[in-house]
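**Student:** Here is my input, please return the structure:
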Amino acid sequence: MTRSYRFISAHRDTFGVARLCRVLGVRRPGFYEWLAAAPVRQQRAAAEDRLAGEIAGIHAAHQGAYGSPRVTAELRRRGDAVNHKKVERVMRERGIAGTTRRRRHSLTRPDKTAAAPDLIG
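**Tutor:** Residues are numbered from 1 along each chain as shown. Prediction:
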C-alpha cells in the first residue's frame with residue numbers, strides 16, 4: 001500500500017489522483033488518509049530516533065554487553081515507558097547487539113587415562 005501511495009504522491013501532478021488510484025487498485029480516500037497521517041509518521045520516526053540514541057548510549061556505557069532485556073530494564077529505571085518488543089526491534093534495525101562476556105564451559109570432558117588401546121595398529 002505504502003509504495004502505491006508514494007507513487008501516487010510523486011506522479012499526481014502528471015496523471016491525477018483518481019486515475020492513478022483506479023490503475024493501481026487503491027481507494028482514493030485511503031490515499032488522502034495516508035497523506036493526512038504524514039505528520040504523525042514523522043513524529044513517530046523522530047521519537048524512535050530519540051529512543052535509538054538512548055539505547056545506543058546505554059549499550060555503549062556498558063561496553064556493549066547489554067542486550068534488549070537489560071536495555072529495557074534500564075530505560076524503565078530512567079522513567080521511559082517502553083515495550084521490550086519495541087526495544088528489540090529498534091536494536092535489530094540499528095544493528096545493536098549485546099555480547100556475551102562469559103567463557104563457555106564444557107560439561108563433558110574426556111578422561112585421558114581411560115584411552116582405548118589401538119587395536120587396528
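**Student:** Tell me which other helices or strands the one helix or strand Ser4 maps to touches.
**Tutor:** Per DSSP states H and E, Ser4 falls inside helix 2-15. Under the contact definition 3 or more C-beta pairs under 8 Å, 6 or more residues apart in numbering; DSSP states H and E, helix 2-15 sits against helix 17-24, helix 28-36. (Glycine included, C-beta is placed from N, CA and C.)
**Student:** Count the residues that sit near Phe31.
**Tutor:** Phe31 is flanked by 21 other residues according to other C-beta atoms under 10 Å.
**Student:** Kindly provide the distance from it to Met1.
**Tutor:** Here Phe31 is placed at a distance of 9 Å from Met1 (C-beta to C-beta, to the nearest Å).
**Student:** what's the answer for His105, then?
**Tutor:** From His105 to Met1 the distance is 51 Å (C-beta to C-beta).
**Student:** of these two, who's got more company?
**Tutor:** Per other C-beta under 10 Å, whichever of His105 and Met1 has more neighbours is Met1, with 11 against 5.
**Student:** Give me the three-state assignment for the most centrally placed residue in the chain.
**Tutor:** For the chain, the residue sitting closest to the mean C-alpha position, by C-alpha atoms, centre = their mean, is Arg89 at 2.7 Å. Put simply, Arg89 is helix when judged by DSSP: H, G, I helix; E, B strand; the rest coil.
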